[in-house]
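Asks: here's a sequence, model it:
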Amino acid sequence: ELLVLLWKLLDENKAFLQYTLKRADMNRIVVPLLFLMYEGRKEPSKVGMIHICTFILLLLSGERDFAVNLNKPFELKLPLDLPPFHGNHADLLIVCLHKVIVNGYEKLNSVYNCFLTIVSNISPYVKKLNMVSSVRLLRLFKLFSQPRYLFDNDANHHLIFFLLDTFNNLIQYQYEVGNEQLVYAMVQNKDLFQKLNALAMPAASAHTAPTTATPKAQDSLDEVDVVPSVAALTALTDVSGDDVAAPPVVVPVKFTPTDEWLQGWKKKLPINTSLRLLQYLVPQLEDACEVASGGSLDEAAILVFLRSTTMVGLLPVPHAIVIRKYQTNQFTNLWFTTFTWGVIFLRNQGMMIKSAFSLGELM
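Replies: Prediction:
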């Protein structure tokens, strides 16, 4: 009930939203939300609660003040099996969302796009990601860039776009303020970017036409009907304040990829910034290792090297910061109405009176 109340206040009272962003420490809201999501990630009964937490974070992530505030150090000790790390609240957010994705209830796949939209929205303002959260981002990139996953659904590639936008923002806007650990993780996983850039259809499937949708249930990674898509929840906004409505996403129940479909989204893939970074840094690191004593550098020395390196003049011109802001719509209104009445119904269920029912009436 408190989560629904918080959502209503933030969504419908813009003055309250701006007041909390300017006057309150929003991290005192973020930590409990992430705690609830992390703790309830495997329980089917907690799916609705996790959806509400996700919507709240999605709404907040569209605000610059919220993202900047996540740079405050995280020093609490939560009763969770989190990996030990010293970092900020953005690190905590990434680690928790990663855990929900890779170790959560399968029905939560419907909000993966919301999770990554949140990360993408805050990325232009996040400084000093630690190694733990950086590695988690690359693990998600590895998971969602696998051909088997990409070719399984015609909308799965959207997750890769969110992650590449995240890398681009961190590289172009925050490279020289402490994100060398993310860059190091990218260098270690350079093959993932090269393989994605060279992705092609298997020979046997390149000219196969899409099949007709069927009502047959898909596996856990394909279910997208629990909540509206991220395109229905958000609108693209650049820093100038102009809103551009995101196109609707139509996800068929059954899908067979084609080469035309693949090339259609590959040519829009925002991967050039990451490739340019790797093309410059990988040879530089190899040369540094050759001249080092013993022919190699330890992690600390590599991080020092990356920290002292500048990418000014080597990367593409920084793109405009694009934030996918939550937009009130009929889909979320319907979902919240259904959820709220479901809670009311369950809270008001009394015990059945034995004398009032017979077994035949209940069957």
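Asks: next secondary structure after the lowest-mean-pLDDT helix or strand in the chain?
Replies: Every helix and strand in the chain was compared by mean pLDDT, DSSP states H and E; the lowest is strand 243-245, with a mean of 41. Remark: after strand 243-245, the chain's next helix or strand is helix 259-266, criterion DSSP states H and E.
Asks: report how many residues lie close to residue 264.
Replies: 12 (other C-beta atoms under 10 Å). Any C-beta I mention is one placed from the backbone N, CA and C, and that applies to glycine too.
Asks: swap in residue 266?
Replies: 15.
Asks: quick one: pLDDT of it?
Replies: On the pLDDT scale, residue 266 is placed at 95.
Asks: which outside residues touch stretch 258-278?
Replies: 154, 157, 160-161, 164-165, 167-168, 171-172, 183, 186-187, 190, 193-194, 196-197, 199-201, 205-210, 311, 314-316 (C-beta atoms under 8 Å, 6 or more residues apart in numbering).
Asks: one more: stretch 26-39?
Replies: Taking contacts as C-beta under 8 Å, 6+ apart, the residues outside stretch 26-39 that touch it are 6, 20, 46, 49-50, 53-54, 56-57, 60, 65-66, 69-70, 72, 74, 76, 78, 80, 82, 89, 92-93, 96-97, 99-100.
Asks: 7 Å instead?
Replies: Contact with stretch 26-39 is made by 20, 49-50, 53, 56-57, 60, 66, 69, 72, 76, 78, 80, 89, 92-93, 96, 99-100, as judged by C-beta atoms under 7 Å, 6 or more residues apart in numbering.
Asks: how about stretch 4-20?
Replies: With contact meaning C-beta under 7 Å, 6+ apart, stretch 4-20 is reached by 26, 52, 55-56, 59, 328, 340.
Asks: ok, so of those, who is nearest residue 134?
Replies: Set against residue 134, the nearest of the contacts of stretch 4-20 by C-beta to C-beta is residue 26 (23.1 Å).
Asks: so what's the residue count around residue 324?
Replies: With other C-beta under 10 Å as criterion, residue 324 counts 24.
Asks: re the thing from before, dump the contacts of stretch 4-20 to JSON lines, plus secondary structure.
Replies: Listed next are the contacts of stretch 4-20 as JSON lines, based on DSSP: H, G, I helix; E, B strand; the rest coil:
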{"residue": "26", "secondary structure": "coil"}
{"residue": "52", "secondary structure": "helix"}
{"residue": "55", "secondary structure": "helix"}
{"residue": "56", "secondary structure": "helix"}
{"residue": "59", "secondary structure": "helix"}
{"residue": "328", "secondary structure": "coil"}
{"residue": "340", "secondary structure": "helix"}
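Asks: ends of stretch 102-122, what's the gap?
Replies: End-to-end span of stretch 102-122 (C-alpha to C-alpha, to the nearest Å): 21 Å.
Asks: next one: stretch 143-153
Replies: Start and end residues of stretch 143-153 are separated by 14 Å (C-alpha to C-alpha).
Asks: same thing with stretch 20-35?
Replies: So stretch 20-35: terminal residues 20 Å apart, C-alpha to C-alpha.
Asks: rewinding a little: among the contacts of stretch 26-39, which are located in helices?
Replies: With helices taken from DSSP state H, the overlap with the contacts of stretch 26-39 comprises 20, 49-50, 53, 56-57, 60, 66, 69, 89, 92-93, 96, 99-100.
Asks: run through the strands of the chain in chain order.
Replies: Assigned by DSSP state E, the chain shows strands spanning 73-74, 87-88, 234-238, 243-245, 322-326.
Asks: worst average pLDDT in the ones you listed?
Replies: Averaged per stretch, pLDDT over the strands of the chain is lowest on strand 243-245, reaching a mean of 41.
Asks: not counting its neighbours along the chain, what's nearest the residue positioned nearest the centre of the chain?
Replies: Residue closest to the average C-alpha location in the chain (C-alpha atoms, centre = their mean): residue 116, at 1.3 Å. In this structure, residue 116 finds its nearest non-sequential neighbour in residue 162, 3.7 Å apart by C-beta to C-beta, 6 or more residues apart in numbering.
Asks: wait, doesn't that neighbour sit right on residue 118?
Replies: No: if you go by C-beta atoms under 7 Å, residue 162 and residue 118 don't touch, sitting 9.2 Å apart.
Asks: measure how buried residue 16 is and give me the count.
Replies: For residue 16, the count of nearby residues is 14 (other C-beta under 10 Å).
Asks: next step: the contacts of stretch 258-278 restricted to helices.
Replies: Taking DSSP H as the definition of helices, the contacts of stretch 258-278 contribute 157, 160-161, 164-165, 167-168, 171-172, 183, 186-187, 190, 193-194, 196-197.
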